[in-house]
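*Asks:* could you look at this predicted model? Sequence included:
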Amino acid sequence: MKKHHAQSPGWARPPLHVGDLRVSFLNGGRLKLDGGAMFGIIPKPLWQRLAPADELNRIELTTTCLLVETAGRRIIVESGIGNKYEARDREIFALSETWLLDSLRAVQIDPESIDVVILTHLHFDHAGGGTFDPDGRGARPTFPRARYIVPRGEWDDSRAGYFVMTATYREENLAPLERAGLLELVDGEAEVAPGVSVRSLPGHTRHQQGVLIHHADRGLLHVADLIPTAAHLGLRYNMAYDLLPYENMRTKQRVLEECAQSGWTVVFGQDPHWSTWRISKGARGFEAVQVE
Ligand SMILES: [Zn+2]
């Protein structure tokens, strides 16, 4: 299996083209999460063949951010883990020092040049890079000129404090965006730019969205935490973090069916391979083949 090794900031692998759209992959930071939590009801003897655990039972994950460039506009998809963490969090989650801004700087992309940031949902490892605190005076938007596109329901849930995963909806990732007036809340499907649209992928959270980059019959779908890694392709391979596991399973089935039929490729946003995958439906369920 081909594996790109993005340990350092910058491009995580070579870019792709979808029509006129150029799609680059950026290392948004690496982390490790408990393998049991990452695979929900699946017994360890099954998941550890797909995702080996370390001595603390954690599995290796990435955060894959995309830079989509089209007609002079720059769109960031996902902001990764960011860098606003105490030593204790860094240790528990084995967080890398590298985050999205390091990756952009390494390839001379100015954060002021970003027009749009699409956040699939607001968990810390997806929204953390959207703000930073460079001088200890409080978190502020990493991309000061950008509109931040967030599902309205996800925003409302993140601010409601339902005692469910409140630790992952962090004030410093959310409040600065609202204060700066950069939030653009969307309901369901919306076109962000020609060839770039968001669509609802409920299950992991109630209102998570995915991002489709599309031209003619080519499509590339970032599915966020619907299917975080290629090891989560099986319909029952949900995370214990999923708020609505059954709905996640149904969304997964619908999306995989659509990708298999349309030939769209998929980005699994936390897969350690930095790859894209083509989906097919075989006798034993859906299969993912690494494309490039
Ligand atoms: Zn999540």
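*Replies:* Thanks, I have the structure now.

*Asks:* so what's the closest residue to the ion within the stretch 101-250 of the chain up against?
*Replies:* Nearest residue of the stretch 101-250 of the chain to the ion (Cβ to the ion) works out as His123 at 3.5 Å. Heads up, the C-betas are built off the backbone N, CA and C, glycines and all. Contact analysis of His123 by Cβ atoms under 8 Å, 6 or more residues apart in numbering lists Met165, Thr168, Tyr169, Thr205, Asp225, Tyr241.

*Asks:* and the stretch 151-292 of the chain, which residues reach the ion?
*Replies:* Residues of the stretch 151-292 of the chain lying close to the ion by Cβ under 5 Å from the ion are Asp225.

*Asks:* what of the stretch 1-150 of the chain?
*Replies:* Going by Cβ under 5 Å from the ion, the residues of the stretch 1-150 of the chain near the ion are His123.

*Asks:* where in the stretch 1-150 of the chain is pLDDT low?
*Replies:* Within the stretch 1-150 of the chain, the stretches with pLDDT under 70 are 1-6.

*Asks:* give me that answer again for 80
*Replies:* 1-7 (pLDDT under 80).

*Asks:* what segments of it are strands?
*Replies:* For the stretch 1-150 of the chain, applying DSSP state E, counting those that start in this stretch gives strands covering 11-18, 21-34, 58-70, 73-77, 116-118, 131-132, 140-141, 147-151.

*Asks:* now do the fifth one: everything it contacts.
*Replies:* Taking Cβ under 8 Å, 6+ apart as the criterion, the residues outside strand 116-118 that touch it are 73-79, 130, 143, 146-149, 192-193, 196, 198, 209, 211.

*Asks:* and these, which are buried?
*Replies:* 74-79, 130, 143, 146-149, 192-193, 196, 198, 209, 211 (16 or more other Cβ atoms under 10 Å).

*Asks:* which non-adjacent residue is nearest Pro52?
*Replies:* By the measure of Cβ to Cβ, 6 or more residues apart in numbering, the closest residue to Pro52 outside its immediate chain neighbours is Ile59, 7.1 Å from it.

*Asks:* number of nearby residues for that neighbour?
*Replies:* Neighbours of Ile59 under the rule other Cβ atoms under 10 Å: 24.

*Asks:* that one bridge partners, please.
*Replies:* Beta-bridge partners recorded for Ile59 (DSSP bridges): Leu33.

*Asks:* hmm, Gly36 and it touching each other?
*Replies:* No - using Cβ atoms under 8 Å, Ile59 is not in contact with Gly36, being 9.6 Å away.

*Asks:* joint contacts of these two?
*Replies:* Common neighbours of Ile59 and Gly36 (Cβ under 8 Å, 6+ apart) do not exist.

*Asks:* assign Arg159 to helix, strand or coil.
*Replies:* helix (DSSP: H, G, I helix; E, B strand; the rest coil).

*Asks:* I meant to write Asn248 there.
*Replies:* State at Asn248, reduced to three classes by three-state DSSP: helix.

*Asks:* tell me how far it lies from Gln270.
*Replies:* Applying Cβ to Cβ, to the nearest Å, the value for Asn248 to Gln270 is 15 Å.

*Asks:* which of the strands of the stretch 1-150 of the chain is buried the deepest?
*Replies:* strand 116-118 (a mean of 26; mean count of other Cβ atoms under 10 Å).

*Asks:* what lines up beside that strand in the sheet?
*Replies:* Assessed with DSSP bridges, strand 116-118 is paired to strand 73-77 (parallel), strand 147-151 (parallel).

*Asks:* neighbours around the nearest residue to Ala216 once chain neighbours are set aside, how many?
*Replies:* Ranked by Cβ to Cβ, 6+ apart and with sequence neighbours excluded, the top spatial neighbour of Ala216 is Gly19, at 6.3 Å. Residues lying near Gly19 (other Cβ under 10 Å) number 13.

*Asks:* residues in contact with Gly19?
*Replies:* Counting by Cβ under 8 Å, 6+ apart, the residues that Gly19 touches are Gly195, His215, Ala216, Arg218.

*Asks:* out of these, grab the one that's most surrounded.
*Replies:* Gly195 (21 neighbours).

*Asks:* local confidence estimate at that one?
*Replies:* Looking at Gly195, its pLDDT stands at 96.

*Asks:* now the residue in the chain sticking out farthest from the centre, what are its backbone angles?
*Replies:* Farthest-out residue of the chain from its mean C-alpha position, per Cα atoms, centre = their mean: Ala283, at 29.5 Å. In terms of degrees, to the nearest 10, the main-chain angles of Ala283 are phi -60, psi -30.
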